[in-house]
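Below are the sequence and a predicted model for it; my questions follow.
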Amino acid sequence: MVNVDRAQVMAYRVAALGLAERCSARPADLPVLDLGVQEYTPGSAQVALAARTSADAADKRLITVWAARGAPPSPSSRRPGRPGQTVVADQ
């Protein structure tokens, strides 16, 4: 069993959500979009993207869809080890 403390768990979650460092990638290239960002209130998706990148948030490749939250249509093959990828344990 692996023992972790609260600080380690929180650090992992911040990094996994792409919030540890702001990058310069265009919004549509952010790994978080493998699962999408939620537009809970008007403008909240723009805030989520701005928290992750210093690039201009206006990216014409982004679209709005009605979908189940956190339910990717298929595993991502462009970013191995990211959310949405199917992982099979050794038997």
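Structure received.

in this protein, which residue is closest to the centre?
Val32 (1.6 Å; C-alpha atoms, centre = their mean).

Could I get the contacting residues of it?
Leu17, Gly18, Ala48, Arg52 (C-beta atoms under 8 Å, 6 or more residues apart in numbering). Placement of C-beta: from N, CA and C, glycine included.

Mind checking which of these are in helices?
Ala48 (DSSP state H).

for the contacts of Val32, which one is nearest Asp59?
Distance to Asp59 across these (C-beta to C-beta) is lowest for Arg52, with 12.2 Å.

out of everything not next to it in sequence, what's closest to that closest one?
Of all residues not flanking Arg52 in the chain, Gly18 sits nearest, at 4.7 Å (C-beta to C-beta, 6 or more residues apart in numbering).

my guess is that neighbour contacts Leu33, does it?
No: using C-beta atoms under 8 Å, Gly18 is not in contact with Leu33, being 9.5 Å away.

could you dump the contacts of Val32 to a markdown table with distance to Ala28?
A markdown table is the format used below for the contacts of Val32 (distance: C-beta to C-beta, whole Å):
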| residue | distance to Ala28 |
| --- | --- |
| Leu17 | 17 |
| Gly18 | 13 |
| Ala48 | 13 |
| Arg52 | 12 |
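
Asp59 contacts Ala25, correct?
No: contact criterion C-beta under 8 Å: Asp59 and Ala25 do not qualify, at 10.0 Å.

Next up, the contacts around Asp59.
So Asp59 contacts Arg26, Pro27, Ala28 (C-beta under 8 Å, 6+ apart).

Specify which member of these is nearest to Val37.
Looking at the contacts of Asp59 and their distance to Val37, the nearest is Pro27, at 9.1 Å (C-beta to C-beta).

Surely the closest one and Ala51 touch.
No: with contact defined as C-beta under 8 Å, Pro27 does not reach Ala51; the gap is 11.0 Å.

Alright, I will stop here.
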